[in-house]
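Chemist: whatever this is, show me its structure:
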Amino acid sequence: MKTGLFIGRFQPFHNGHLSDIKNALKEVNELIIAIGSSQHFNTKENPFSVEERIEMIENTLAKENIGNCTLFPVPDIGEDSKWVEHVKTLVPKFDIVYTGNDLTEKLFKKAGYKVKRVKIIEGINGTSIRDKILNNEEWEELIPLETLKVIEKVNGVKRIKEIFKKN
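Modeler: Numbers count the residues shown, from 1 in each chain. Alright, predicted model coming up:
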């Protein structure tokens, strides 16, 4: 049995993340989804709480009939040299790491893990989605419907605009 680890902040969970999960599950039996920066919310980079992100992901996976995934919050510790060991204390054992983040790739490779880069879909990333929300541009088609429902429920558009107004 092969287990993968997929790490992301999921701010918000988008169609690229969903595609990455589907692709990873073609290669592993189980996928651990680590929700990074889990202690942060109501900031420019992390507008959504870990509970909201979990709801986005769980609802989307259920709607897509995707099983074999377990979610784990992973708070930041601010120390790159200890981060891999920190993650390992919070999640079950895994064989391969999936990421689109250069630092995550470097740290896990250095620790001896096999790392596979996820395919970044052009124009679909959390930063660009948050920017589109901020600038009143079309963004809804970049996320799963279940994510949209959570964003609407928590007044996420208003929250993002208010966060950026403060700074």
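Chemist: can you give me the strands for the protein?
Modeler: Counting by DSSP state E, the segments of the chain that form strands are 3-8, 30-36, 69-74, 96-99, 114-117.
Chemist: mind checking the longest helix of the protein?
Modeler: The helix spanning the most residues in the chain, taking DSSP state H as the definition, is helix 50-63.
Chemist: what distance separates the lowest-mean-pLDDT helix or strand in the chain from the centre of its chain?
Modeler: The weakest-scoring helix or strand in the chain, judged by mean pLDDT, DSSP states H and E, is helix 156-166 (a mean of 92). Relative to the centre of its chain, helix 156-166 is centred 20 Å away, using C-alpha atoms, centre = their mean, to the nearest Å.
Chemist: what lies in contact with it?
Modeler: Contacts to helix 156-166, defined as C-beta atoms under 8 Å, 6 or more residues apart in numbering, come from residues Pro12, Asn42, Thr43, Lys44, Pro47, Phe48, Glu52, Arg130, Ile133, Leu134, Val150, Ile151. C-beta: built from backbone N, CA, C; applies to glycine.
Chemist: who wins for neighbours among these?
Modeler: The most crowded member of the contacts of helix 156-166, judged by other C-beta atoms under 10 Å, is Phe48 (28 neighbours).
Chemist: how near is Phe6 to His14?
Modeler: 14 Å (C-beta to C-beta, to the nearest Å).
Chemist: which one's more surrounded, those two?
Modeler: Here Phe6 and His14 are set side by side on neighbour count (other C-beta under 10 Å), and the busier one is Phe6, at 27 against 24.
Chemist: for the more buried one, what are its contacts?
Modeler: If you count contacts by C-beta under 8 Å, 6+ apart, Phe6 has them with Asp20, Ile21, Ala24, Leu31, Ile32, Ile33, Ala34, Val97, Tyr98, Thr99, Val118.
Chemist: from Cys69, how far off is the residue nearest to the last one when sequence neighbours are not counted?
Modeler: Leaving aside its chain neighbours, Val118 sits nearest to Asp20 (4.1 Å; criterion: C-beta to C-beta, 6 or more residues apart in numbering). Between Asp20 and Cys69 the distance, using C-beta to C-beta, works out to 12 Å.
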